[in-house]
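1. Below are the sequence and a predicted model for it; my questions follow.
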Amino acid sequence: ERILGKDEVSSSNLDSSSKGKHLEVLGLRGVFLRFFQCRRTVASYCLWKPPKIERLFLPVRQLKLPPNCYIINIIMNCGTALRVPYYFWRFCIMARFTLPRDLYHGKGALEALKSFTGKKAMICVGGGSMKRFGFLDRAVEYLKEAGMEVELFEGIEPDPSVETVMRGAEAMLKFEPDWIIAMGGGSPIDAAKAMWIKYEYPEITFEEMCKVFGIPPLRRKAHFCAISSTSGTATEVTAFSIITDYQKGIKYPIADFEITPDVAIVDPDLAETMPKKLVAHTGMDAMTHAVEAYVSTAHCDYTDPLAIFAIRMIQGDLVDSYNGDMSKRDSMHNAQCLAGMAFSNALLGIVHSMAHSLGAVYDTPHGVANAILLPTIMEYNAPYTGEKYREIARAMGVEGIDSMTQDEYRKAACEAVKQLSMDVGIPADLKAIVKDEDVQFLSESAYADACRPGNPRDTSVEEIAARADLELEQAQKVVAILKAEFEE
């Protein structure tokens, strides 16, 4: 439709001989980048997995193209023959690297709110921790000092729902803020991002919001500031938001550079209030972000240094942070932010795809699911990662790397990640959570997840199901314990 115009797309343009064919943009893929506004994700997906690229275009109706679309005809008919070598696409196609305009970090960074200019600010928060420790009152005070009227939207639940997003957007439409301040862990920030979209475009549906890199331009009404209180999700610097549709039992990633916050505040004072278990869960979430970004199909020279340095920091700081060392807790807050910068631009993989499915159906804490899945998926992906695991093992502190064979250092990297998870009290595997009848649904949901195309190894519903059987066939006992600890 975007190429031909809506008027030309009709049943009369369909050719029965083309049924069953997929529109292959394998050779002259650059033609399409203009239509997709050079979005990083689309470019990367087109570049790195030519044999499977047709999956991106399954919803596209097969057209009998007119003569003036000769280039597309050539691509459709001769796409495979026209493939350009890997290195041309790796280094010659334009990509995008996006971060917040400003990032305030270090102790006392919350005070940066005093410098904001505007008339009204809405603060979106979750449970009572930000109020209980006094940070919410300080944020309100700073914004009022900046001359703004302030309203609160409180009570955003963990794993925020579509309904919460709609309620928040309605509150914003009534108050009409020009600053949206999201404060807390990943859930209130993710929810506020989705509310922001609905506030700017009241007619947009949730389904339209979930179209990957399909959100229209924001900032017509408000700018966005994210203040993180946990050291894991890094949503304060990312282009992602995770919203759960509990009726369907699916976690939907919203992905678009438009929802990258304008301002991020990374103040370690907030992270020092985290309970011990949350330190472990969010820390392993951050490790998963860094590892998946480092081996992602869309990794690049800009994301690799961030990812590998984050791995090194997390390995060095997480255990001590877990055991109460506040200087290490502060360092972890920075490490998780670096991992977020990496994965927001390099994408993730099927660890997150599977964790999203698991969390939506069984309410498994996200960091726990990631920690348990990561070593197994690392083993699964290993043959498709080149020498990447050598550097991961080195960053994890494994000795004698240079004398190891490829198989040895790959195994060492996986074992080091598994050991770190055990050192912070996360069990090696879940027990009895996944019912046999749910495996197919979980696998299909994971395959459809927006994170899956970033995985270095191309996969299928059947292979994901096999991973699920391997890692998740046992789980109820541990999840019951974890949920009790989480609620406490």
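-> Now that the structure is in, tell me what you want to look at. Remember, it's a predicted structure, so these values are computed and weren't measured experimentally.
2. gap between the two ends of stretch 171-187?
-> Terminal residues of stretch 171-187 lie 18 Å apart, using C-alpha to C-alpha, to the nearest Å.
3. ditto for stretch 141-150
-> 9 Å.
4. One more: stretch 219-231?
-> So stretch 219-231: terminal residues 27 Å apart, C-alpha to C-alpha.
5. in the protein, which segments are predicted with low confidence?
-> When residues are selected by pLDDT under 70, those of the chain lie in 1-93, 357-364, 428-450, 459-488.
6. That one: strands as residue ranges?
-> For the chain, the strands defined by DSSP state E cover 102-105, 120-124, 149-153, 179-184, 223-228, 240-245, 250-255, 263-266.
7. mind listing what the last one pairs with, with the direction of each?
-> Paired strands of strand 263-266, with direction, are strand 102-105 (parallel), strand 223-228 (parallel) (DSSP bridges).
8. Which stretch among those is buried most, on average?
-> strand 223-228 (a mean of 27; mean count of other C-beta atoms under 10 Å). (C-beta placed from N, C-alpha, C; glycine too.)
9. Tell me what angle that one forms with strand 120-124.
-> For strand 223-228 against strand 120-124, the angle by axes from the mean of the first three to the mean of the last three C-alpha atoms, to 10 degrees is 30 degrees.
10. got a list of contacts for strand 223-228?
-> 100, 110, 113, 116, 118, 139, 178-186, 189, 192-193, 196, 218, 234-237, 259, 261-267, 270-271, 333, 337 (C-beta atoms under 8 Å, 6 or more residues apart in numbering).
11. How many residues are close by residue 132?
-> For residue 132, the neighbour count with other C-beta atoms under 10 Å is 10.
12. hmm, back to that, possible to save the strands of the chain as CSV with distance to residue 404?
-> Shown next, in CSV, are those (distance: least, C-beta to C-beta, whole Å):
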stretch, distance to residue 404
strand 102-105, 37
strand 120-124, 48
strand 149-153, 52
strand 179-184, 43
strand 223-228, 37
strand 240-245, 35
strand 250-255, 36
strand 263-266, 36
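13. How many residues are close by residue 333?
-> Residue 333: 29 neighbours (other C-beta under 10 Å).
14. Pretty sure it sits against residue 232.
-> No: judged on C-beta atoms under 8 Å, residue 333 makes no contact with residue 232 at a distance of 9.7 Å.
15. The residue nearest to residue 260 when sequence neighbours are not counted and residue 124, how far apart?
-> Setting aside the residues directly before and after it, residue 260 is nearest to residue 239 in space (C-beta to C-beta, 6 or more residues apart in numbering), at 4.7 Å. Separation of residue 239 from residue 124 (C-beta to C-beta, to the nearest Å): 18 Å.
16. what's the answer for residue 306, then?
-> 27 Å.
17. More neighbours: which of the two?
-> residue 124 (27 against 23).
18. Tell me the spacing between the more buried one and residue 215.
-> Residue 124 is 18 Å from residue 215, by C-beta to C-beta.
19. Please name whichever of the strands of the chain is nearest to residue 172.
-> Nearest of the strands of the chain to residue 172, taken as C-beta to C-beta: strand 120-124 at 5.9 Å.
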